[in-house]
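Asks: Fold the stuff below for me.
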Amino acid sequence: MKSLIDNARTFPTRVAGRSQEFRRLAAGQAPQALFITCSDSRVIPSLITGARPGELFELRTAGNVVPPYDEARPSAETATVEYALRVLGVRDIVVCGHSHCGAVGALVRGDDLSALPAVRGWLTHSVPEPPATEDLAEAVRRHAVAQLDTLRGYPAVRELVEDGQLALHAWYYEVDTGAVSVHRPELDGAFGPL
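Replies: Sure, this is the predicted structure:
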C-alpha cells in the first residue's frame with residue numbers, strides 16, 4: 001500500500017506538467033467507448049487500449065458480467081450503461097473477457113461458492129446458463145458474447161443499435177501474452193486478431 005500512497009502524494013506534481021490536458025478533462029468528458037471488463041486487477045483497460053484519461057468510460061464487474069435489464073430493480077451496472085449512452089453519447093461498447101478468469105472458471109467447474117454468498121448470488125442471478133464448454137478460454141469468449149446479448153435487452157442499447165448509432169464488440173484478452181482477439185460474427189462467431 002505504501003507505493004500506492006507515495007504515488008498518490010506525488011500525482012499533483014505529475015499533473016502540473018500536463019495542466020492543459022487536465023483542465024480540459026475538468027471541463028467534461030467525451031469517452032470514445034464504454035469498456036466493460038472484469039474487476040480482475042490484471043486487466044487494465046487503459047493499458048490494453050493505450051487510452052488517455054477521458055477516452056474510456058469503464059464498467060468493471062466480477063466476471064465482466066452484464067446483469068439483465070430490470071427497470072424495477074435498477075443497478076449500478078444498468079445506470080452506467082444508460083449514462084454512457086444517453087448522456088455521454090458513447091457509440092461503441094466493448095465487453096472484454098480475459099484468460100485466467102476466476103468467475104467464469106468457477107461457473108465452468110461448478111465450484112462450491114457457499115463461502116462466497118454474494119459472488120454466488122451475483123453469478124447465479126446474472127449468468128443463468130454457464131458457457132457450455134470445459135475449455136476456460138472458449139468459455140470466457142462465449143461468456144463475453146453472451147454479455148452482448150444481455151446488453152441488447154437494455155432499451156437504450158436496443159434503440160441505438162437498431163438506428164445504427166451503436167456498435168457492440170466482444171474482446172478476449174490474454175493476461176500472459178497481452179494478445180487481444182475480437183469476436184467476428186461474419187466468421188461463424190470465431191475470435192480473430194483485432
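Asks: which ones are touching the spatially most central residue of the chain?
Replies: For the chain, Ile36 is the residue whose C-alpha lies nearest the centre (CA atoms, centre = their mean; 1.4 Å). Ile36 sits next to Glu58, Leu59, Arg60, Thr61, Asn64, Val66, Ile93, Val94, Val95, Cys96, Gln147 when contact means CB atoms under 8 Å, 6 or more residues apart in numbering. Backbone N, C-alpha and C define where each C-beta goes, glycine included.
Asks: which SSE is Arg9 in?
Replies: Using DSSP states H and E, Arg9 maps to helix 2-16.
Asks: Okay, buried residues for that helix please.
Replies: Counting neighbours by 16 or more other CB atoms under 10 Å, one finds that helix 2-16 has no buried residues.
Asks: chain center to that helix: distance?
Replies: The chain centre lies 27 Å from the centre of helix 2-16; the measure is CA atoms, centre = their mean, to the nearest Å.
Asks: And stretch 64-73, by the same measure?
Replies: Worked out by CA atoms, centre = their mean, stretch 64-73 lies 14 Å from the chain centre.
Asks: Quick check: buried residues in it?
Replies: Applying 16+ other CB under 10 Å to stretch 64-73 flags Asn64, Val65, Val66, Pro67, Tyr69 as buried.
Asks: helix or strand right after the one helix or strand in the chain whose mean pLDDT sits lowest?
Replies: Lowest on mean pLDDT, DSSP states H and E among the helices and strands of the chain sits helix 2-16, with a mean of 79. Once the chain leaves helix 2-16, the next helix or strand it forms, by DSSP H and E, is helix 19-26.
Asks: so where's this structure uncertain?
Replies: The model of the chain has no residue with pLDDT under 70.
Asks: Now with 80, please.
Replies: Counting by pLDDT under 80, the chain shows low-confidence ranges at 6-7, 10-12, 14-17, 19, 128-131, 187, 189.
Asks: Just the strands from it, written as ranges.
Replies: In the chain, the segments counted as strands under DSSP state E are 33-38, 56-61, 92-98, 167-173, 180-184, 190-193.
Asks: Give me the residues contacting the third one.
Replies: Taking contacts as CB under 8 Å, 6+ apart, the residues outside strand 92-98 that touch it are 32-38, 40, 42-43, 45, 48, 64, 66, 81, 84, 104, 140-141, 143-144, 147-148, 151, 157, 166-175, 180.
Asks: Alright, calling it a day.
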